[in-house]
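>>> Generate coordinates for the sequence data below:
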Amino acid sequence: MKVSGIPGARSAHRANLGDVKPFESYNILFADGSFVYDLFVFTPKPGAVKEKDLIAAAKTQYKRVKGAPLPRFLVRRGGAPVGKP
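All right, here's what the predicted structure looks like:
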């Protein structure tokens, strides 16, 4: 599946539509700076989730986080990210 509008985004669609334990899943992965975002949905009811809905959610999240600074709770006084010496 293609995810236009999010540079470098990768996606996958998996499904088992047989009689034994049917399922369907979608996954969209993208990065912005040092952060990687992974949107995943799994359902035992094929067709319950639409590909276009997950793509829309990924685009909404991308617009929200694109170029955003680290959240304040991840930054120490002095500006160094938490966890770095």
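>>> which stretches of the chain have low pLDDT?
76-85 (pLDDT under 70).
>>> What segments of it are helices?
Taking DSSP state H as the criterion, the chain contains helices spanning 51-65.
>>> count of residues packed around Lys66?
For Lys66, the neighbour count with other CB atoms under 10 Å is 12. C-beta: built from backbone N, CA, C; applies to glycine.
>>> From Asp53, how far out is the residue lying closest to Gly47 once chain neighbours are set aside?
The shortest distance from Gly47 to any residue other than its chain neighbours is 7.1 Å, reached at Glu24 (CB to CB, 6 or more residues apart in numbering). Using CB to CB, to the nearest Å, we find Glu24 at a distance of 13 Å from Asp53.
>>> Settle it for me: which of these two has more neighbours?
Of the pair Glu24 and Asp53, Glu24 is the one with more neighbours under other CB under 10 Å, namely 19 against 11.
>>> Please enumerate the strands of this structure.
Defined through DSSP state E, the strands belonging to the chain, from first to last, are 10-16, 23-32, 35-43.
>>> could the ones you listed be laid out in JSON lines, adding distance to Tyr62?
JSON lines is the format used below for these (distance: least, CB to CB, whole Å):
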{"stretch": "strand 10-16", "distance to Tyr62": "13"}
{"stretch": "strand 23-32", "distance to Tyr62": "6"}
{"stretch": "strand 35-43", "distance to Tyr62": "8"}
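>>> Please identify the deepest-packed of the ones you listed.
Neighbour counts averaged per stretch over the strands of the chain are highest for strand 23-32, at a mean of 18; criterion: mean count of other CB atoms under 10 Å.
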